[in-house]
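[1] This is the structure alone, sequence omitted:
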């Protein structure tokens, strides 16, 4: 029986193991940690449960497809609900709006509370749909590194619309042209952070992202985001996939230009195909260190990172929902600090994810579990031991001003995740959440392919390679990759 080895059990690694098993391969996964999921894991502290990493769930069909392929009913193994409100937004001047899933309701909310014409919201969402319709089939569902992607009918259709797809302006420029109110520009600029980018540098093609959240929908797994990991892990086990935890890979073994196995804990494991789900940069620095290095890709600037405080809050705040944003007064200065100065702005935008608003047992009665995050630069050797306490103080001050509270007295438990620990726990180079930065129009072409052009039978998946970071794109990377590999039978 032909064999495949997967390095890493992030969500793309698990999805790859499922797809390879369904293609008839004997599959083994090697994971350095004691648990599956990579960033998509959970933390439990004194009665509080937190989803440790990704907190927004879109394109649930990418998860469901894996169950369908295995001949199972997804709803029997994984359940979720659509959100009526995608996010609550707060500004220092007291303005607050709810981003309703219903477009008419959202447009009316924005016009009533912020004075932005409703038609502009609808135009922005139509623009996002246009970009998605023309670019998703090329950039999300196919390899950019194969000629067939660029000469098919879908490619020709997209070429005719290039001027409208945002390739020649920045996200911020496109949003400033469309909206009359700076708060709406800021709100739509925020979507650059979904892949760790700067809206003042990244191309306007990233205005595709609101389409996922509004036109298609945002969702919440009823058992929490970690259930995505657990349900797919259980599916993989049911298909005979073997997981080896606490088993870091030391080297990918290559003979005559062909990957033939891996070395883990000093033991050789041979296979017909090797799939790397480890961060691409760290993989080349470690397990592929003896192989030719893709220097241009490795030297690309990296995405932003995150500073996360997992706080158990002994109070309910009825004005808060699952997703909440407390905006900075000077958004451009915030991104200049992150991407140009390599530090943290004194007035950062604060994101608060509270799963206990939907999943009550994630916090004790009368309490809330706050996943409190700000965007920060990746780890370049900054003095984090000074930056983190200062940022914590600024975050709490901002929350106190906007919510008119005394947060420090309400924090019952605390855990911190920051760029250094993100790198150590997930092998993400420099703690960058999304691999290489997307801060130029060629960023999509500066991601590693889903296969090695130098080493036969070596493939890549995960957020650091094509098509990019985040749950849906990581799952699609597994799909693109496995479609290149022939069935075992």
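    Everything's here; your move. Quick caveat: nothing in here was measured; it's all calculated off a predicted structure.

[2] how about the strands of the stretch 151-300 of the chain, start to end?
    219-221, 242-244, 249-255, 258-264, 267-270, 273-276 (DSSP state E, counting those that start in this stretch).

[3] Please list the residues outside the last one that contact it.
    For strand 273-276, the external contacting residues (C-beta atoms under 8 Å, 6 or more residues apart in numbering) are 2-8, 13, 16, 20, 25, 252, 259, 261-262, 283, 287-288, 457-462, 481, 485. All C-beta atoms are positioned from the backbone trio N, CA, C, and that covers glycine.

[4] Okay, buried residues for the lengthiest helix in the chain please.
    Counting by DSSP state H, the longest helix found in the chain is helix 384-403. With burial defined by 16 or more other C-beta atoms under 10 Å, the residues of helix 384-403 counted as buried are 384, 387-388, 391-392, 394-396, 398-399, 402-403.

[5] same question, stretch 104-123
    Buried, per 16+ other C-beta under 10 Å, within stretch 104-123: 106-107, 109-111, 114, 116, 118, 120-121.

[6] which stretches of the protein aren't confidently modelled?
    Residue ranges of the chain with pLDDT under 70: 137-138, 140-167, 441-446.

[7] do that again at 80, thanks
    135-168, 440-446 (pLDDT under 80).

[8] Okay, domains of it per the record?
    Residue ranges for the domains of the chain, per automatic domain parsing: 3-41+54-80+223-300+437-483, 104-216, 302-426.

[9] related to what we said a few turns ago, may I ask which two of the buried residues of stretch 104-123 are separated the most?
    Maximum pairwise distance in the buried residues of stretch 104-123, criterion C-beta to C-beta, is 13.0 Å, between 109 and 120.

[10] for residue 374, what are its contacts?
    306-307, 344, 348-351, 391, 395.

[11] Turn these into TSV, columns for secondary structure and distance to residue 369.
    Shown next, in TSV, are these (DSSP: H, G, I helix; E, B strand; the rest coil; distance: C-beta to C-beta, whole Å):
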residue	secondary structure	distance to residue 369
306	strand	17
307	strand	17
344	coil	24
348	coil	21
349	coil	20
350	strand	16
351	strand	14
391	helix	20
395	helix	16
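
[12] Mind putting those into TSV with distance to residue 88?
    What follows is these, written out as TSV (distance: C-beta to C-beta, whole Å):
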residue	distance to residue 88
306	20
307	21
344	24
348	18
349	13
350	12
351	11
391	22
395	17
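
[13] Mark which of the residues you listed are buried, thanks.
    Here, 16+ other C-beta under 10 Å leaves 306-307, 344, 348-351, 391, 395 buried among the contacts of residue 374.

[14] Give me the number of neighbouring residues for residue 212.
    20 (other C-beta atoms under 10 Å).

[15] now do residue 257
    Counted with other C-beta under 10 Å, residue 257 comes out at 12.

[16] bridging residues for residue 312?
    residue 369, residue 413 (DSSP bridges).

[17] Pretty sure it sits against residue 363.
    Yes: contact between residue 312 and residue 363 holds when scored by C-beta atoms under 8 Å: they sit 6.8 Å apart.

[18] who touches both of those two?
    Both residue 312 and residue 363 are contacted by 47-48, 369, under the criterion C-beta under 8 Å, 6+ apart.

[19] List only those of those residues flagged as buried.
    48, 369.

[20] Turn the shared contacts of residue 312 and residue 363 into a markdown table, including distance to residue 214.
    Converted to a markdown table, the shared contacts of residue 312 and residue 363 look like this (distance: C-beta to C-beta, whole Å):
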| residue | distance to residue 214 |
| --- | --- |
| 47 | 35 |
| 48 | 31 |
| 369 | 26 |
